[in-house]
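[1] For reference, the sequence and a predicted model appear below.
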Amino acid sequence: MTGATGNVGGKVLSLLREDGRKVRALSRNPAAGGLVPGPGFEVVTADLDRPETLPAALDGVQKVFLMSLGANKATHDARLVAAARTAGVEHIVQLSTLGVEVADDPRANPLGHWHRLAEDALRESGVPWTVLRPNGFMSMNLGWAPGIKADGTARGPLADVPEAIVDPRDIAEVAVRALTGEGHRGRVYELTGPEALTAREQTAVLGGLLGRELRFEPIPLADFRRMLLARFSEETANGVIRTLEEAVAHGAELHGRLSPHVEDVLGRAPRSFADWARDHLDAFRG
């Protein structure tokens, strides 16, 4: 699996290990990611930027959880898919994003377009596949914690776009069902939460649980771009900003819609934002 230290991948890893599955995690720097081998758990050093490292990492692997980020996603996914095909991998579960199906114009929605190209590479490979298209992650709101602790203010780039954001735990559980169960090959699952809330409404939910009066303050996109550049390449940062601009204009039509697929796969309703917030209140307490 890739992305074993991420918001979703880390949970996929934990669930697979709890289920007694043999897992091999791919990492550019296992020590930095805190990945420690153990019974039934291997860690291999490999890099999606170095395709020559992938055949050994995939030797003997039956199934793959594929996750990568940013402007290089299409290239990275295509490299791993090609190596997986050569290695005889039987099934790949790919983490994509909501909105791929409408991402025809890379200028309007670069983020969706990168994921669309990555999905195309998987479908065209001949390796059996399942694609997961989640909405935004509830865990992204942990970025509000410093402002809420300091002055009761949550800050982000979108204030009034309704979004049916999803708990990463639900995404991970769907991924594990797809990896270990039957009937998921050739399926695309759109993964959303049970309700569409704006950032202001999410802030109000969080404030009610904390027993505090909170406010939401929009961050200008130019300022948010500077924040992104501290973590990502310029191409990735620019693509995210352009996609956010599109979300401001038309986001409610896509990000506010609800999907039944979490419940279809797991047999229960997706966790609500209030459910997620209750489990993470300590992160927001001063």
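    Structure received. It should be emphasised that the depicted structure is a prediction, and the values quoted were computed from it without experimental measurement.
[2] where exactly do the helices run in the protein?
    In the chain, the helices defined using DSSP state H lie at 9-18, 30-33, 54-58, 73-87, 110-123, 145-151, 168-180, 199-210, 221-229, 234-255, 261-266, 273-279.
[3] Relative to Val161, which of those helices is closest?
    Nearest to Val161 among the helices of the chain is helix 234-255; the distance by Cβ to Cβ comes to 4.1 Å. For glycine as for every other residue, the C-beta is placed from the backbone atoms N, C-alpha and C.
[4] packing partners for that closest one?
    Contacts defined by 3 or more Cβ pairs under 8 Å, 6 or more residues apart in numbering; DSSP states H and E place helix 234-255 against helix 110-123, helix 221-229.
[5] Deepest-packed of these, please.
    Ranked by mean neighbour count, those are led by helix 110-123 with a mean of 22 (mean count of other Cβ atoms under 10 Å).
[6] can you list contacts of that one?
    66, 68, 70-71, 73-74, 76-78, 81, 92, 94, 96-97, 99-106, 129, 131, 238-240, 242-243 (Cβ atoms under 8 Å, 6 or more residues apart in numbering).
[7] related to what we said a few turns ago, including distance to Thr45 and mean pLDDT, could the helices and strands packed on helix 234-255 go into CSV?
    Shown next, in CSV, are these (distance: least, Cβ to Cβ, whole Å; pLDDT from 0 to 100):
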stretch, distance to Thr45, mean pLDDT
helix 110-123, 23, 91
helix 221-229, 28, 92
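[8] Now render these as CSV, adding distance to Leu54.
    Converted to CSV, those look like this (distance: least, Cβ to Cβ, whole Å):
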stretch, distance to Leu54
helix 110-123, 14
helix 221-229, 28
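[9] closest to Phe41 out of these?
    Going by Cβ to Cβ, the one of the helices and strands packed on helix 234-255 nearest Phe41 is helix 110-123, 25.3 Å.
[10] Select, out of the helices and strands packed on helix 234-255, the one closest to Lys149.
    Taking Cβ to Cβ as the measure, these were each checked against Lys149, and helix 221-229 came out nearest at 17.9 Å.
[11] same for the closest one, what does it pack against?
    helix 234-255.
[12] residues in contact with the helix it packs on?
    Here helix 234-255 makes contact (Cβ under 8 Å, 6+ apart) with 69-71, 98-99, 102, 107-112, 114, 135-136, 157-158, 161-164, 196, 221, 224-225, 228-229, 232.
[13] and that helix, what's its mean pLDDT?
    For helix 234-255, mean pLDDT rounds to 81.
[14] That'll do, ta.
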